[in-house]
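[1] Have a look; sequence and predicted model below, questions after that.
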Amino acid sequence: MMTGNSVIICVALLGTSVISAAAQQPVLSDATISVELSPRDGHVLALRDWNGRKLAGAESDSIGLWSLDLAPGSSNATINAGQANHFAWRRNGARTIELEWSDFTRTSAPQLKVFATVRLRSDTTTAWNIRIEGIRGVEVDRVRYPRLTHIVTSGSGEELAVPSWMGQRARNPAAMLAGRDGKGRRMEFVYPGALSMQAIALSSAKLGGLYFSADDTAAFRKSFALWGSADGSAGYDMVHLLPNPGTLDVFSPSYASIVGVVHGDWFSAVERYRKWGTAQYWARESRLHTGTTPEWLRETGIWVWNRGHSDVVLEPAAALMQDAKLPVSVFWHWWHNGPYDTSFPDYLPPREGAQHFTDAVSTAHSKGLHTIVYMNQRLWCVNTPSWTKEGAERWAVHERDGSVRLETYNVFDPKPCATMDIATSFWRNKYAGLADTVIQQYGVDGIYMDQAVLSLVDWSKDHGHDVGGGNYWMNGFRELAKDLRRRKGNRPTGFAGEGGGESWMPDLDAFLTLQVSQERYADPASGWEVIPMFQAAYHPYALTYGTYGSLTLPPYDELWPIEKRPATAMELLDPKYVRQFYLEQARMFVWGMQPTIANFRTNQLTERRKQIDYLEQLAKLRYGMRDVFQFGTFLTPPVVDVPSADVLLSRISIYAARLGGPVEAHTTTPVVLSSAWRSPKNRVAIALASISDDSVDAVIKLPARAYGLGPATRIVRHDMTGTTPLGTLGTKARSLTIPMKPLQGAVIEFVNPGK
């Protein structure tokens, strides 16, 4: 059972007299936000911003402020606030409203009582807590609270921003929520895992809008949900999963659901969340922030993401390091004994033999290279001999019906893999034992733990943890991380995970944030575009790297079926797609990531020299200003006036993900990408990266107040030609025209007097 301070407040309601609904309205309001609830049943009548603009709410709502989802097969699928025969509310001081629903004689839970509080906070938000009583024997799976209807989604440029690992936004949320048939669709975003942090926003840069979050520091599983209606409006609720359905007397989440308003777009929402998130343990104890991330990983100048034997992985990386004259680290797939995606976790020995592999790693070390190798953190393929021999099925994640949760990824040899339960010591010991061999005996510098930054629901009753909801998944990962670090000894070993996730920052050294190249695997027509929400919130606390960006067609694992091998595997990609590569590299640069190239071969140093020069140029700029680009904080992005251009996209992933060739698509993007930063030593800088083959003037409009700049502030330009003074800011309009040569990167630094 989860408890919290809100429980004390709610219980106090039972011993107090309830104000008559006719006496006054249940309204919480200050100069920035107003929430009006129905005195009849407690649903949200209106949520308004500082201008009195109504953002959500309806005169009637048959479901009400909350609903309960019962287990499949229950006589009633749901129970909701609208089914209560009794409702009451009262004020608790000027900033809190308490609500009570009881007498559910028409439902399968007649003893049910629900208590809720709504509290006005001082930061344009409200905090919502709930307590459910009288549910023993009633298999309540999920609680949806708070629930808002008739959210406005059109007419003022609203965008939906969701921190799906790195982050994404939809510029037309009304159409997305309406669905293809116009009848509406529901979208749920799960935390922890798929959501890197607990906040979404539905707002516009000009008018602001809605902000939804949670203040959970224990990583309980939950979802943020939005749905569209046929009338064009939208709804929202937060979904809380119950542990051990049917066994609880009381359920009360230990965290509050936050509903509020923000004055701007997605960045305003991130700034709001960042103020809270960076004060939590995951930021204070993050590996990067505490300096426990290995130095070689912090000092990486370029990542090479290659696959296969050591001669096609390590040797090209050494060549790039010599060419770029920057520290290069290697992200190594397909080193293991079995075929990719069908043989996990039977990784050992390496496919080229233990001694040859170890010697290759040692030779790489002598050249200054460091290597992390792929080891999936949760999959055990069921066709492997070890699956049966070691009795792995018992320790896999099970669905509610008792079946093993299976996932199949390989389209060329579609064999299923089971998801293993990280909350069990069996799987943790298995994985840590393999990692120990790879690190201690083979000498690699770290492990990429694929699918680590995800969580699952397990219904296994003999795994020693709650079933259904809870936070056992995150607790299990922390135990695994502790074991891995105990086993590594004093070696400077790094551990990376897929995506981004605040709860994992104390345990992982790096995060593979691949959305910089999401167009290679996701259709731009879906309506989502990538934005750096995770970096904007946590850049000084979490090292990010990675891209699917490649100058070749995908490779093909030599252990996959030979008859399905494409004849074009690893051939150079048609040059018509090079602007896509530039776009991906530019995103990594302006968003502060460690630059990465996938499928690098030495012939690219000559046959794709222009693209390699672009990669190295941006990498050197970043490396020379690591205090800004590795430890700096995102500032409000400047408005940069430049033309936009069409980019031809090759929609094909890092390895052959289709049985056909690449599928083409298009996207439109500014020809100069930008961002703004403040370093720990108060260096303010704007990063610019051109993806144009022509010269272009970038006109920067500065939000000077936000950056703390004054008339005497000196302006300095850094690029590959050196450092050039550009004068002082002065008192005129805060607008700068920065000439950009073709495919040029630049950093415009603002130096205040005395610096």
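    Everything's here; your move.

[2] only C-alpha atoms for contact and neighbour calcs from this point on.
    OK.

[3] which one is residue 459 nearest to, not counting chain neighbours?
    Nearest non-adjacent residue to residue 459, counting by Cα to Cα, 6 or more residues apart in numbering: residue 467, 4.7 Å away.

[4] For burial, what's the neighbour tally of that neighbour?
    20 (other Cα atoms under 10 Å).

[5] which ones are touching it?
    For residue 467, the contact set (Cα atoms under 8 Å, 6 or more residues apart in numbering) comprises 243-244, 457-461.

[6] got it, and residue 134?
    If you count contacts by Cα under 8 Å, 6+ apart, residue 134 has them with 109, 111-113, 249-250.

[7] Now a ChimeraX select for only the buried ones of those residues.
    The ChimeraX selection below is limited to those of these classed as buried (16 or more other Cα atoms under 10 Å):
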select :109,112,113,250
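
[8] center of the chain - which residue?
    residue 165 (1.5 Å; Cα atoms, centre = their mean).

[9] Would you confirm that that residue contacts residue 497?
    No - Residue 165 is not in contact with residue 497 according to Cα atoms under 8 Å; the separation is 11.2 Å.

[10] re earlier: any chance of the contacts of residue 467 in a markdown table with distance to residue 328 and pLDDT as columns?
    Listed next are these as a markdown table, based on distance: Cα to Cα, whole Å; pLDDT from 0 to 100:
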| residue | distance to residue 328 | pLDDT |
| --- | --- | --- |
| 243 | 46 | 97 |
| 244 | 48 | 97 |
| 457 | 38 | 98 |
| 458 | 40 | 98 |
| 459 | 43 | 98 |
| 460 | 44 | 98 |
| 461 | 46 | 96 |
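
[11] Would you list the buried entries among those residues?
    243-244, 457-460.

[12] could you dump those to TSV with secondary structure and distance to residue 685?
    Below are the buried ones among the contacts of residue 467 laid out as TSV (DSSP: H, G, I helix; E, B strand; the rest coil; distance: Cα to Cα, whole Å):
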residue	secondary structure	distance to residue 685
243	strand	48
244	coil	51
457	coil	43
458	strand	47
459	coil	50
460	coil	52
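
[13] which one of those sits closest to residue 176?
    residue 457 (27.3 Å; Cα to Cα).

[14] Let me see the contact set for the closest one.
    By Cα under 8 Å, 6+ apart, residue 457 lies in contact with 397, 467-469.

[15] Looking at neighbours, which among those residues is most surrounded?
    residue 397 (25 neighbours).

[16] need the longest strand for this structure.
    strand 140-151 (DSSP state E).

[17] Listing partners with orientation, what would you give for the following helix or strand past it?
    Next helix or strand after strand 140-151 toward the C-terminus (DSSP states H and E): strand 159-162. In the sheet, strand 159-162 lines up against strand 168-170 (antiparallel), strand 199-204 (antiparallel) (DSSP bridges).

[18] Any idea which of those strands gets closest to residue 118?
    strand 199-204 (18.3 Å).

[19] Okay, buried residues for the closest one please.
    Residues 199-204 are the ones in strand 199-204 that count as buried (16+ other Cα under 10 Å).
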